[in-house]
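Student: Provided below are the primary sequence and the corresponding predicted coordinates.
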Amino acid sequence: MVDLRSNASFWERAYVWCMGGVNWHDPEEGGPECLNHVSEFHRRVEIGIGVVVTLLSLWIGVRTCQGQDQIVHSKRPRGPYSPSGGKMLLLVLFTLIFGIEVGYKFTSGHIIYLLYPCHVNSILWIYVLATPPTWGNVCLYRLILHFTHGTLAGIYFPVDEVLKLPFERETYWLQHYFLVIIPVYMICFERWDYPPSPKWDISWIFLSFSAWSFWHFVVMHGVSVLTLANIGHMLCAAFSDPFRGPYYRMIGILHQLLATALSGLFVGSVTCLAERIFPQGTPNRTDPVKTASQSKRE
């Protein structure tokens, strides 16, 4: 738990809340030793490669997405959107869980760790649950469906040994389980309003990977270099990383692209299963993403 003097300035309080709980004596949490595990030139080259990969993935995703037939059947009739009770229940429960998680970060002085992908993913899911299915929201929904591999990594390889506050570890697990439950629920029961990307559609894999790569190489890595906090292990590799070494970030590009593709396969598999178990069986409606792209071309 962080300690603040009663006469501390705003900037002192902000620093303590953001990074006051970081153990600078542990190289895995950050510090000069973590930063200097490779030369500055090596780091700049890796950042450059990461940015190029991000832009290339974005280009491939946009090029392959245009002109595709993405008609999705709908069982909800046209008219004003009314969110379902299940969606509202998930919104209330998950907002409460994430709010508690944010409170723990303030208390422990780890606000900077809210830049972790799972926390950003949580914010995006709360937004999707709270808003109607517009063209932009459906696009965002399809992107974050392909981020499921990050949640599964947090479940299978948890970093919960630093969670010391009462029930902080339980909140961590609740948050990650909900990050799996929500997309499965949305695919099963909300796919007429939030249609997943078509099966075997590589465009959303590359679009999602470009966003994932941008967040890691530009945002998390950039903030890590500025603050010396090892956010998402972008400053230096975790001791448990099997690819630990000077090129672990480059290897990460390959396995994260594969993981994003596997997330797309997971989404496609759950969609196929949901269509069998929960058939929609009523009037059709075109995919909002496709409809908007067609109207723009016209």
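Tutor: Great, that's in hand.
Student: show me where the stretch 101-250 of the chain has helices.
Tutor: 117-130, 135-145, 148-156, 168-189, 202-214, 221-227, 248-277 (DSSP state H, counting those that start in this stretch).
Student: and among these, the most buried is which?
Tutor: Most buried of those, by mean neighbour count (mean count of other CB atoms under 10 Å): helix 202-214, with a mean of 22. In short, each C-beta sits where N, CA and C put it, glycine included.
Student: what does the average pLDDT come to for it?
Tutor: The average pLDDT for helix 202-214 rounds to 93.
Student: for it, packing partners?
Tutor: Helix 202-214 is packed against helix 40-65, helix 135-145, helix 248-277, with contacts defined by 3 or more CB pairs under 8 Å, 6 or more residues apart in numbering; DSSP states H and E.
Student: among these, which is nearest Ala153?
Tutor: Taking CB to CB, helix 248-277 is the member of the helices and strands packed on helix 202-214 nearest to Ala153, at 7.7 Å.
Student: quick one on the thing from earlier: dump the helices and strands packed on helix 202-214 into CSV; add distance to His216 and mean pLDDT as well.
Tutor: Listed next are the helices and strands packed on helix 202-214 as CSV, based on distance: least, CB to CB, whole Å; pLDDT from 0 to 100:
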stretch, distance to His216, mean pLDDT
helix 40-65, 7, 92
helix 135-145, 15, 91
helix 248-277, 8, 89
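Student: is it true that Cys18 touches Ile111?
Tutor: Yes: the criterion here is CB atoms under 8 Å, and Cys18 meets it with Ile111 at 4.5 Å.
Student: returning to that earlier point: Serialize the helices of the stretch 101-250 of the chain to JSON lines and add fields for distance to Ile49.
Tutor: Converted to JSON lines, the helices of the stretch 101-250 of the chain look like this (distance: least, CB to CB, whole Å):
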{"stretch": "helix 117-130", "distance to Ile49": "20"}
{"stretch": "helix 135-145", "distance to Ile49": "22"}
{"stretch": "helix 148-156", "distance to Ile49": "21"}
{"stretch": "helix 168-189", "distance to Ile49": "29"}
{"stretch": "helix 202-214", "distance to Ile49": "10"}
{"stretch": "helix 221-227", "distance to Ile49": "12"}
{"stretch": "helix 248-277", "distance to Ile49": "7"}
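Student: Of all the ones you listed, which one is nearest Thr107?
Tutor: Of these, the one closest to Thr107 (CB to CB) turns out to be helix 168-189, at 8.8 Å.
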